[in-house]
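Predicted model, plus sequence, below.
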Amino acid sequence: MGDDKTQSITLTINGEEKTLSVRRSETLLDALRRASYTSVKNGCKTGDCGACTVLLDGQPIHSCMIQAVRAAGREVTTVEGLTRNQVFSGKPGFWELHPIQRAFIETGALQCGYCTPAQILVAKALLDHNPNPTEEEIREAMSGVLCRCTGYVKIVQAVQRAAAVLRGEKVDPFLPIEATLAPGESPTDLLGRYYHVADNTFQPTNQLTNQLLPPLVISPPEMEPLNVVGKPEPKVDGVKLAAGRPVFTDDIKIEGMLYGALLTSPHAHARIKEIDASRARELDGVHAVLTYKDIPRVKYASGGQS
């Protein structure tokens, strides 16, 4: 665009005043990511998925749908702003996580973690004005951020747990609720029965409140108590995901970093017998051309995905 001029805007990001140079047409999403706030994820750029959610003056908004210039003079919160970096002897130490971030890790509410920063920010906006929401209110608040992994049960549990902590209540270590079948009982007999947190009992109910949870591990009466299976372990990259630290490839920046591109076959159906990349390697700016010959066959990956 001919009139897409660059201008400087001043705004507050995570409590600090920042001046950013932005184009008139640039979205807040792109401006924040360019400024290294990589917890703000690029999901759809159409306002549908919610992965780019930030808090603008305390309210959740899809940053892909607002121009950066409209944030001038306003307060933006990303999930990085919920984490406090403790300093010891003048050097950065461990991260002090917000109760919502801790609850997401403890309950296993993050899997791939791509939508987690947005989920946490929406939960914060909800709990800031409603410290004791019901399950329906939590689900309604979180509905603007899509999650393709969890099925939302763990997310709801995380928000409930964080709400209790923020209200000053004591919470026990998070454990999956176990139910042992009585002789002659089948797992289907437990459908519709919920664990009541207050008095540690199972009871039939169809009421959805913030007091009731379904059993997650069901054991037959002749089975020995489980010691490993069904016990919670924190995700190996859970802290990084909840804190919005660079985990995904698109979030990592290295000095002198090279950028790759994929070249696919122009033919829909063909048997590739040989790839001659010699001329491509001679092009200016090309540092490497990799083909199938250069890629080792790896059967197992070391990623943190559950």
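Cool, the structure landed.

And the helices in the chain, which stretches?
Taking DSSP state H as the test, the helices found in the chain are 28-34, 99-106, 116-129, 135-142, 153-166, 238-243, 278-281.

Show me how far the first one is from its chain's centre.
By that I understand helix 28-34. Averaging C-alpha positions (C-alpha atoms, centre = their mean, to the nearest Å) puts helix 28-34 18 Å from its chain's average.

Now that helix: buried residues?
The neighbour-count check on helix 28-34 (16 or more other C-beta atoms under 10 Å) flags 28-33 as buried. Yep, even glycine has a C-beta here, placed from its N, CA and C like the rest.

Also the third one?
For helix 116-129, burial by neighbour count (16+ other C-beta under 10 Å) applies to 116-127.

still on that earlier bit, find the pair from the buried residues of helix 28-34 with maximum spatial separation.
The largest separation in the buried residues of helix 28-34, counting by C-beta to C-beta, is between 28 and 33 at 9.6 Å.

so where's the stretch 151-300 of the chain shaky on pLDDT?
175-179, 190-217, 230-232, 299-300 (pLDDT under 70).

what residue lies at the spatial centre of this protein?
residue 116 (1.6 Å; C-alpha atoms, centre = their mean).

any idea how far that residue lies from residue 155?
Relative to residue 155, residue 116 is positioned 9 Å away (C-beta to C-beta, to the nearest Å).

Now the common contact residues for those two.
Common neighbours of residue 116 and residue 155, using C-beta atoms under 8 Å, 6 or more residues apart in numbering, are 104, 109.

quick revisit: need the helices of the chain in JSON lines (columns: distance to residue 65).
Output for those, formatted as JSON lines (distance: least, C-beta to C-beta, whole Å):
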{"stretch": "helix 28-34", "distance to residue 65": "8"}
{"stretch": "helix 99-106", "distance to residue 65": "24"}
{"stretch": "helix 116-129", "distance to residue 65": "13"}
{"stretch": "helix 135-142", "distance to residue 65": "18"}
{"stretch": "helix 153-166", "distance to residue 65": "23"}
{"stretch": "helix 238-243", "distance to residue 65": "24"}
{"stretch": "helix 278-281", "distance to residue 65": "39"}
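
So for residue 48, which of these sits nearest?
With C-beta to C-beta as the measure, helix 116-129 is the member of the helices of the chain nearest residue 48 (12.5 Å).

The closest one relative to helix 135-142, how many degrees between them?
Interaxial angle of helix 116-129 relative to helix 135-142 (axes from the mean of the first three to the mean of the last three C-alpha atoms, to 10 degrees): 130 degrees.

any residues touching helix 116-129, and which ones?
The contact list for helix 116-129, computed with C-beta under 8 Å, 6+ apart, reads 39-41, 50-55, 58-60, 77-79, 82, 98, 100-101, 104, 109-110, 133, 137-138, 141-142, 144-145, 147, 155, 158-159, 162-163, 166, 241-242, 244.

how about the strands in the chain?
Residue ranges of the strands in the chain, as given by DSSP state E, are 6-13, 16-23, 53-56, 59-62, 75-77, 84-88, 91-96, 178-180, 193-196, 201-204, 212-213, 217-219.

Paired strands for the fourth one, with orientation please.
Strands adjacent to strand 59-62 in the sheet, as given by DSSP bridges, are strand 53-56 (antiparallel).

I'd like the distance from stretch 136-156 to the chain centre, please.
Relative to the chain's own centre, stretch 136-156 is displaced by 12 Å; criterion: C-alpha atoms, centre = their mean.

How far does that stretch stretch from one end to the other?
9 Å (C-alpha to C-alpha, to the nearest Å).
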